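Chemist: Following is a predicted model, sequence given first.
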Amino acid sequence: MNRTGDLADRLGILAGRTGNVAKRLGTLVNRTGNLAGRLDTLADRLRTLRHLLALSWRVDRTATAVNWLLRILVAVTPTAVGLAQRWVVDDARVNGTSSGLAAWSRLGPAVIFGALAAMMLTIGGRMQGNLRAGLVSKMDLELTREVMADVASIPGVEHLERADYLNRVFLAVKGTNALAGYAWSVVEGATALISLTLSGVLLAQIDPLLLGLVATTVPVLAFGNRAQAWSRAAHEADAEITRLELHLHELCLNPNAAKEVRIAGSGPELSRRATALWEEASRHQRRAHVRGAALQAAGWTLYVAGLGAGIALVVHRVLAGQAAIGALVMVLTLAAQLRLQLFLLQSSTERIGDAGQVAEHYAWLRDHAATATRSAAHRQAPPSRLTGGITLDDVAFTYPGTTTPVLHSITAHFPPGSVIGLVGVNGAGKTTLVKLLTGLYQPTSGRLEVDGTPLSAIAPKAWASASCGVFQDFVKFELPAYQAIGVGDLPRIEDRAAVEAAVARAGAEATVASLGDGLDSQLGKIFGGAELSHGQWQRLALARGQMRTAPLLLVLDEPTAALDPQAEHELFEAFARQARSAAAATGAVTVLVSHRFSTVSMADHVLVLADGTVLESGTHAQLMAAGGRYAELYAAQAAAYF
């Protein structure tokens, strides 16, 4: 029994040691992963830095080259000023204050050298600052264009509907100015470090102990970086709060929301809540700033103490006859310049840190857009004509970041040339299904095919070009009327004949005629144009949706919600004609979403959605004969008109 117990104890010890080894291996793996993550971040920042330097060269080559030259000259001039002063003072101590040609021959070069260095330090620094500001301004505009282009180039709408994506996009857009100065902050930091190193070399020649003065700059930089890290962390954590605060304040100023806000009297409450959010974010920032200020004060205290000790050391050596008075003058000059160099290095480091956070989001956005573009480049074009139609096989969808499926077990077939009606109560999943059909999202599971080809294998932009639609939440483009319509088919935005034909198909002639200058009328009061009713805006949106005459997919998602029943009926008869025309030309499928069952009854086939799945399907006659949910809703709505 004792031997058995000893064996059990030894096995227990071995198991414990094995567990410790496993824990250490796990810790090593985690550290290796963290190191790999940091290396990836460094690689991203270096790539971004290279891109920004190339961008600076592209926007203004002359200013970029001169800025580089001035930055290097300004970096070495503090050392030159200190050397010149030491030269003059030591010469005066040895040769007295004699004048004349002999004195000038000795001191002239030092005086000229020092004067030129001081002039370069003052004038060159000012010129470099002005050039930098101009370059940053130009780069800011270009970066804003790049960011907006990247956002627009990403297929689908996931990056515009997910809070975590929106936070990153928001920080990238908001931080373009900081990012524009990123490259030059790195350059300024590097040259300030060179200047600091040169000052250290001169100080070490007087006494190696004076290198301690340079060493006291380390806490200033380290503590400053830590303070900035706290501030940036607070800023990152408050990104969503800041977005919400801006949204609430914009509601108080947005003319589209003004009517409801004013009538409801909710403006003061919206402003109060926005202010509360701003104060919450400010408290977080203030707390981080106070902690950072205390830490930075400690760093500067150490620096001042080191500076005092260094000056005292040189004074002692001068009094002991171990160093010339010129050495003391140079140390005092370098000490003053050292403080300026340190301030420049610290401010550059802070700007690099701020811009570095933006650079991470910027790099993520560029990579996300580039990955999406590369993926789309290998996808195929849609067919020129539908022959097999659109098929959904057990399709399910869950919005990213959530766990509850919005759609599940959707199985249906839309034959080429058919008109499909989608009905159901709010929240049934109709709009989400439309997003899948138009390629704005991909199914979480199941298959969605176009003529037997998965929609995910078709290039998103090509499928978008082969689709057209009119939606309930349409955009009010405050442009000249012909452009507000023509943007529905961008290559033909200036084609007046195509725009006029779209207006006719949408029955929007009366709306256009009511405008002062017809299709040339500026829309929207914000730009001094005509203000339209919601119904008139919708008529123009309908015309915009009619610009593409031969689509493969035509989506009408509650397109006539602002029209009266008679106008809606007339318009849908026009849609039916367009659907038949498109079906004959390309085998197009038309998907009609409407709460008005009299309109949906025009469809060849109707899907009744409930709780994210197909509850019933069939023709209008079949569904009415079945006496199910569709028949109940149709009867209830028909009774409301009598």
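Modeler: Happy to help now that I have it.

Chemist: so what's the residue lying closest to L519 once chain neighbours are set aside up against?
Modeler: For L519, ignoring the flanking residues on the chain, the nearest one in space by Cβ to Cβ, 6 or more residues apart in numbering is Y482 at 4.0 Å. Using the backbone N, CA and C atoms, a C-beta is placed for each residue, glycine as well. Taking Cβ atoms under 8 Å, 6 or more residues apart in numbering, we find Y482 in contact with E494, R496, V499, L519, D520.

Chemist: Which positions in the host helix or strand of the third one come out as buried?
Modeler: Assignment of secondary structure by DSSP states H and E places V499 within helix 496-505. Along helix 496-505, the positions that meet the burial threshold by neighbour count (16 or more other Cβ atoms under 10 Å) are A498, V499, E500, A502, V503, R505.

Chemist: And the helix or strand just after it, how far out from the chain middle?
Modeler: Downstream of helix 496-505, the next assigned helix or strand under DSSP H and E is helix 509-513. On the basis of Cα atoms, centre = their mean, to the nearest Å, helix 509-513 sits 40 Å off its chain's mean C-alpha point.

Chemist: helices and strands around the following helix or strand past helix 509-513, which ones?
Modeler: Later in the chain than helix 509-513, the nearest helix or strand by DSSP H and E is helix 534-545. Contacts defined by 3 or more Cβ pairs under 8 Å, 6 or more residues apart in numbering; DSSP states H and E place helix 534-545 against strand 467-471, helix 481-486, helix 496-505, helix 509-513.

Chemist: quick one: contacts for the residue nearest the centre of the chain?
Modeler: Centroid-nearest residue in the chain: V169, 2.3 Å away (criterion: Cα atoms, centre = their mean). Going by Cβ under 8 Å, 6+ apart, V169 touches V147, V151, H159, L160, H361, L365.

Chemist: picking that back up, save the helices and strands packed on helix 534-545 as TSV, and put in distance to R379 and mean pLDDT too.
Modeler: Output for those, formatted as TSV (distance: least, Cβ to Cβ, whole Å; pLDDT from 0 to 100):
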stretch	distance to R379	mean pLDDT
strand 467-471	15	83
helix 481-486	28	92
helix 496-505	28	91
helix 509-513	38	90
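
Chemist: among the ones you listed, which is nearest L211?
Modeler: Closest to L211 of the helices and strands packed on helix 534-545, according to Cβ to Cβ: helix 481-486, at 67.4 Å.

Chemist: could the contacts of V169 go into a markdown table alongside pLDDT and neighbour count?
Modeler: Output for those, formatted as a markdown table (pLDDT from 0 to 100; neighbours: other Cβ atoms under 10 Å):
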| residue | pLDDT | neighbour count |
| --- | --- | --- |
| V147 | 86 | 22 |
| V151 | 84 | 17 |
| H159 | 75 | 20 |
| L160 | 77 | 12 |
| H361 | 84 | 22 |
| L365 | 85 | 22 |
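
Chemist: Identify, from those, the entry nearest to R447.
Modeler: Using Cβ to Cβ, those come closest to R447 at H159, 24.3 Å.

Chemist: The closest one and V147: what is the separation?
Modeler: Counting by Cβ to Cβ, to the nearest Å, the gap from H159 to V147 is 12 Å.

Chemist: So for S195, which of the helices and strands packed on helix 534-545 sits nearest?
Modeler: Closest to S195 of these, according to Cβ to Cβ: helix 481-486, at 54.6 Å.

Chemist: Figure out how far that closest one is from the centre of its chain.
Modeler: Distance, centroid of helix 481-486 to centroid of chain: 29 Å (Cα atoms, centre = their mean).

Chemist: Can I get that helix in PDB, CA atoms only?
Modeler: Taking Å, rounded to 0.1, in the frame of the first residue of the first chain, the C-alpha atoms of helix 481-486 are listed here in PDB:
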ATOM      1  CA  ALA A 481     -33.100  67.400 -61.500                       C
ATOM      2  CA  TYR A 482     -31.600  65.600 -64.600                       C
ATOM      3  CA  GLN A 483     -28.600  64.500 -62.500                       C
ATOM      4  CA  ALA A 484     -30.800  63.400 -59.600                       C
ATOM      5  CA  ILE A 485     -32.500  61.100 -62.000                       C
ATOM      6  CA  GLY A 486     -29.600  60.200 -64.300                       C
END
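
Chemist: what kind of secondary structure is L615 in?
Modeler: Judged by DSSP: H, G, I helix; E, B strand; the rest coil, the three-state class of L615 is strand.

Chemist: count of residues packed around it?
Modeler: 15 (other Cβ atoms under 10 Å).

Chemist: what's the burial count for T402?
Modeler: 9.

Chemist: how about it, secondary structure?
Modeler: Assigned with three-state DSSP, T402 falls in the coil class.

Chemist: circling back: what angle do the helix holding V499 and helix 534-545 make?
Modeler: If you take axes from the mean of the first three to the mean of the last three Cα atoms, to 10 degrees, helix 496-505 sits at 130 degrees to helix 534-545.

Chemist: residues in contact with helix 496-505?
Modeler: With Cβ under 8 Å, 6+ apart as the test, helix 496-505 has contacts from 482, 485-486, 488-489, 492, 509, 512, 519, 543-544, 546-547, 549, 574, 578.

Chemist: Go again with 10 Å.
Modeler: By Cβ atoms under 10 Å, 6 or more residues apart in numbering, the residues outside helix 496-505 that reach it are 481-489, 491-493, 495, 508-513, 518-520, 539-540, 542-549, 571, 574-575, 577-578, 581.
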